[in-house]
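1. have a look at this prediction, sequence included:
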Amino acid sequence: MVMCAVRQHLLRGSCGAWARFLQRQSRGCVYSSVHGFQQEEIREKLQAFPGGSIELLTQESGLAVLTINYPSRMNAFSGSMMVDLEERVSQLEGWTDGKGLIVQGASGTFCSGSDLNAVRALSNLQDGMKMCMFMQNTLTRLLRLPMISVALVEGRALGGGAELTTACDFRLMAPGSVIQFVHKHMGLVPGWGGAARLVRIVGSQNALKLLGGAVKVDPELALQIGLAEEVLQGEGTGTPLQRAENWLSVYTKGPAPVIQAVKKVVLSGRELPLSEALRTEKDVFGTVWGGPANMQALASKSKHR
Ligand SMILES: CCCC(=O)SCCNC(=O)CCNC(=O)[C@H](O)C(C)(C)COP(=O)(O)OP(=O)(O)OC[C@H]1O[C@@H](n2cnc3c(N)ncnc32)[C@H](O)[C@@H]1OP(=O)(O)O
């Protein structure tokens, strides 16, 4: 079996606190061979359904843009795009200078879920389970990246596309955009981890309504229930991507080790029982205490008026 990329990252000797945290979190992946999950086997199956791509652009500023690119199918996820996404997440796990990530769709729409052609071909239970485990692993690793992530929603985020938005720390919506968990209309429930994450974002009552009613969530409703952080208003103030970058830059300003530490302590608080989260916070604190940014701030006698 191909070793989980997070595990490889750990073995390359990344920050000890983070390594211990991920070890406690089943090595960053939800499923492994213990659960009957064979990554290589499902990768091969998924590669048999090609089309589109997932593109990653990393910038010197520490900000990266991940683009879901299959415009002729409204950016639906083909099998090869699921594999692409896993590879891009591995790249981001190894990006030591990373501070922020924007996930967007190409050509003005976010993502219309899984490619229905691939879904039809993989409709037997065994293949469905394997695809589900593969995507859960990838999206869990995406959410656990040590950088602050934003889903920039333009147009539609449907089905698996709606699930993908929940694998980011924040959702920013363009006017007129829609997030819709259409699974019920497909005779399904979310399988890429979208339900579990949605409950944590909007609470179980709202999650029940969104899934049970397959509700079209527009920016106004998304703001009201806490699904979206902001509506990207402002014609003439740059493209939606530029506006999302501006929004994110407020939170990613500063040295990479400090921003990464911020994400790590929040993530451990979000995912771990309190005692474990406190121990992880102490470990992460130890990685910045007396570090270059800390020493510089002390030397400059900075004030926070
Ligand atoms: C666990 C994962 C669960 C899932 O994700 S299940 C998949 C859920 N998603 C869906 O059911 C989306 C189905 N598609 C639609 O509802 C509509 O196509 C959509 C996205 C509202 C766009 O509508 P329109 O703007 O009228 O455009 P259109 O229908 O002509 O689409 C343009 C071309 O894109 C294709 N497309 C859109 N979504 C797709 C998908 N998910 N899989 C495969 N192909 C898809 C659509 O078939 C059409 O292709 P073509 O031009 O007819 O060759």
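-> Received the coordinates, thanks.

2. quick one: the helices in the stretch 201-305 of the chain?
-> 204-212, 219-225, 240-252, 256-271, 274-288, 292-299 (DSSP state H, counting those that start in this stretch).

3. what's the closest of those helices to the ligand?
-> The ligand lies closest, by CB to the nearest ligand atom, to one member of the helices of the stretch 201-305 of the chain: helix 204-212, at 12.0 Å. In short, each C-beta sits where N, CA and C put it, glycine included.

4. for the stretch 101-250 of the chain, which residues are neighbours of the ligand?
-> Contacts of the stretch 101-250 of the chain with the ligand, taken as CB under 6 Å from any ligand atom, map to 112-117, 119, 156, 158-160, 182-183, 186, 188, 191-192.

5. which one of the helices of the stretch 201-305 of the chain is the most hemmed in?
-> helix 256-271 (a mean of 19; mean count of other CB atoms under 10 Å).

6. report the angle between that helix and helix 292-299.
-> Angle of helix 256-271 versus helix 292-299, following axes from the mean of the first three to the mean of the last three CA atoms, to 10 degrees, is 110 degrees.

7. hmm, who's touching helix 256-271?
-> Residues from elsewhere that reach helix 256-271, judged by CB atoms under 8 Å, 6 or more residues apart in numbering: 17-18, 21, 25, 62, 96-100, 143-148, 169, 200, 251-252, 276-277, 280-281, 284-285, 287-288, 291-293.

8. put the alpha carbons of it into CSV.
-> Taking Å, rounded to 0.1, in the frame of the first residue of the first chain, the C-alpha atoms of helix 256-271 are listed here in CSV:
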residue,chain,number,x,y,z
ALA,A,256,4.6,31.2,8.1
PRO,A,257,5.6,29.4,11.3
VAL,A,258,3.3,31.6,13.3
ILE,A,259,0.3,31.4,10.9
GLN,A,260,0.7,27.7,10.7
ALA,A,261,0.9,27.5,14.5
VAL,A,262,-2.4,29.5,14.7
LYS,A,263,-4.1,27.0,12.4
LYS,A,264,-2.7,24.0,14.4
VAL,A,265,-4.0,25.2,17.8
VAL,A,266,-7.4,26.0,16.3
LEU,A,267,-7.6,22.7,14.5
SER,A,268,-6.6,20.7,17.7
GLY,A,269,-9.2,22.7,19.6
ARG,A,270,-11.8,21.8,17.0
GLU,A,271,-11.0,18.1,16.7
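
9. and the strands in the stretch 101-250 of the chain, which stretches?
-> 148-153, 156-158, 170-173, 178-180, 216-217, 230-231 (DSSP state E, counting those that start in this stretch).

10. mind checking how far the longest helix belonging to the chain is from the chain centre?
-> Counting residues, the longest helix found in the chain (DSSP state H) is helix 125-143. Chain-centre distance of helix 125-143: 13 Å, with CA atoms, centre = their mean, to the nearest Å.

11. state the phi and psi torsions of the nearest residue to residue 128 once chain neighbours are set aside.
-> With sequence-adjacent residues excluded and distances taken as CB to CB, 6 or more residues apart in numbering, residue 128 is closest to residue 122, at 6.2 Å. Main-chain torsions, residue 122, degrees, to the nearest 10: phi -100, psi 30.

12. how close does residue 122 sit to the ligand?
-> 11 Å (CB to the nearest ligand atom, to the nearest Å).

13. so where's this protein uncertain?
-> Counting by pLDDT under 70, the chain shows low-confidence ranges at 1-28.

14. what about residue 197, neighbour count?
-> Residues within reach of residue 197, counting by other CB atoms under 10 Å, total 20.

15. ok, it - contacts?
-> By CB under 8 Å, 6+ apart, residue 197 lies in contact with 143, 163, 166, 167.

16. is the second one in contact with residue 189, as I believe?
-> No - Residue 163 lies out of contact with residue 189 (CB atoms under 8 Å); the separation is 10.5 Å.

17. of the two, who's got more company?
-> Just comparing residue 163 and residue 189: by other CB under 10 Å the higher neighbour count belongs to residue 163, 28 against 11.

18. nearest residue to that one in space, please, no chain neighbours.
-> Nearest residue to residue 163 in three dimensions, chain neighbours excluded: residue 194, at 2.9 Å (CB to CB, 6+ apart).

19. how about the one you found, what does it touch?
-> Going by CB under 8 Å, 6+ apart, residue 194 touches 160, 162, 163, 164, 166, 181.

20. among the residues you listed, name the ones in helices.
-> 160, 162, 163, 164.

21. distance of residue 121 from residue 46?
-> 11 Å (CB to CB, to the nearest Å).

22. same thing with residue 177?
-> Separation of residue 177 from residue 46 (CB to CB) stands at 28 Å.

23. now swap in residue 290 and tell me
-> Between residue 290 and residue 46 the computed distance is 46 Å (CB to CB).

24. over to residue 228?
-> 30 Å.

25. same question, residue 266
-> Taking CB to CB, one finds residue 266 at 32 Å from residue 46.
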